[in-house]
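K.L.:
Just the structure for this:
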Amino acid sequence: MLKAGDAAPDFILPGDDGAQVELSSLRGRRIFLWFFPEADTPGCSLEGRGLRDHREYFDQSAIEVIGISFDSVADNAAFARKYNFGFRLLSDITHAVALAYGACDSLKARHPERISFLIDASGRIERVYDRVDPRDHAAQVLAGVLGE
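P.N.:
Model prediction:
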């Protein structure tokens, strides 16, 4: 698994809006990369709504939230619309990105693990959140960021 200080593996994935997202093109910004098991399931919906509801604090801290799952672009788009997330959800249908980040351990994994990474503006892992409770994950992340 990646740890603080490691370079964040670059990737290009399709977003819920159909546009390709390349991590390296986002350098200069902090990124909160949120791996979630499956679109529109109870835990992922709860966690996603928490991130949405705390969005102004992420914005004030200049952190862009991006979710990644193994779901199709269409399923992620429906999930984002249903809850009015306002942040991108990316589709890692090959599991390559999840493998690179340690969010799964096999190409045969059914779902990525619930794990998140805060990536700094230079593209390095700033923090790893591998013990995630979907009920308060957004607050946990922000408590660390705002307490800096």
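
K.L.:
any idea where the helices of the chain begin and end?
P.N.:
42-53, 55-60, 73-83, 96-101, 137-146 (DSSP state H).

K.L.:
Can you tell me which of those helices is most buried?
P.N.:
Mean neighbours per residue, mean count of other Cβ atoms under 10 Å, is largest over the helices of the chain for helix 96-101, with a mean of 20. In short, each C-beta sits where N, CA and C put it, glycine included.

K.L.:
Now mean pLDDT and distance to Leu2 too, for the helices of the chain, in a markdown table please.
P.N.:
A markdown table is the format used below for those (pLDDT from 0 to 100; distance: least, Cβ to Cβ, whole Å):
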| stretch | mean pLDDT | distance to Leu2 |
| --- | --- | --- |
| helix 42-53 | 95 | 20 |
| helix 55-60 | 93 | 21 |
| helix 73-83 | 98 | 23 |
| helix 96-101 | 97 | 6 |
| helix 137-146 | 86 | 16 |
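
K.L.:
Could you dump those into TSV with distance to Lys108 added?
P.N.:
Formatted as TSV, the helices of the chain follow (distance: least, Cβ to Cβ, whole Å):
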stretch	distance to Lys108
helix 42-53	21
helix 55-60	33
helix 73-83	20
helix 96-101	11
helix 137-146	26
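
K.L.:
Select, out of these, the one closest to Ile125.
P.N.:
With respect to Ile125, and counting by Cβ to Cβ, the nearest of the helices of the chain is helix 96-101 at 9.0 Å.
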